[in-house]
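Chemist: generate coordinates for the sequence data below:
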Amino acid sequence: MQTFLSVLVLLALIAMGVLFLIRVNAQTVGRPTPHRYAHLKESFQHRLHKRSHGAGPGPRTTTGPPPSREPDDDR
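Modeler: Next up, the predicted model:
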């Protein structure tokens, strides 16, 4: 009798797992599959698009602050 109950409980747990998987699968039907790094891809494409409207190809050079003038000590 104990073996029968153990098998019955095991089958019930398996059935609950199958029902859970069916439910989760039904919720995701029709949705686009989210890409793992979709937010990074979007950000990268945005930067590429922004850069293509800027200066021509080549490395970007940044200029430092203008040189400071020191006061002349010619008195």
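
Chemist: where does Pro32 land in three-state SS?
Modeler: Three-state call for Pro32 (DSSP: H, G, I helix; E, B strand; the rest coil): coil.

Chemist: pLDDT weak spots in the chain?
Modeler: Along the chain, segments meeting pLDDT under 70 span 33-42, 44, 51-67, 70-75.

Chemist: show me where it has its helices.
Modeler: For the chain, the helices defined by DSSP state H occupy 2-28, 38-52.

Chemist: in TSV: those helices, plus distance to Ser68 and mean neighbour count.
Modeler: Where you see a C-beta, it was placed from the backbone N, CA and C, and this is true even at glycine. Shown next, in TSV, are these (distance: least, CB to CB, whole Å; neighbours: other CB atoms under 10 Å):
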stretch	distance to Ser68	mean neighbour count
helix 2-28	62	9
helix 38-52	32	10
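
Chemist: redo these as CSV? Include distance to Arg69.
Modeler: Shown next, in CSV, are the helices of the chain (distance: least, CB to CB, whole Å):
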stretch, distance to Arg69
helix 2-28, 66
helix 38-52, 35
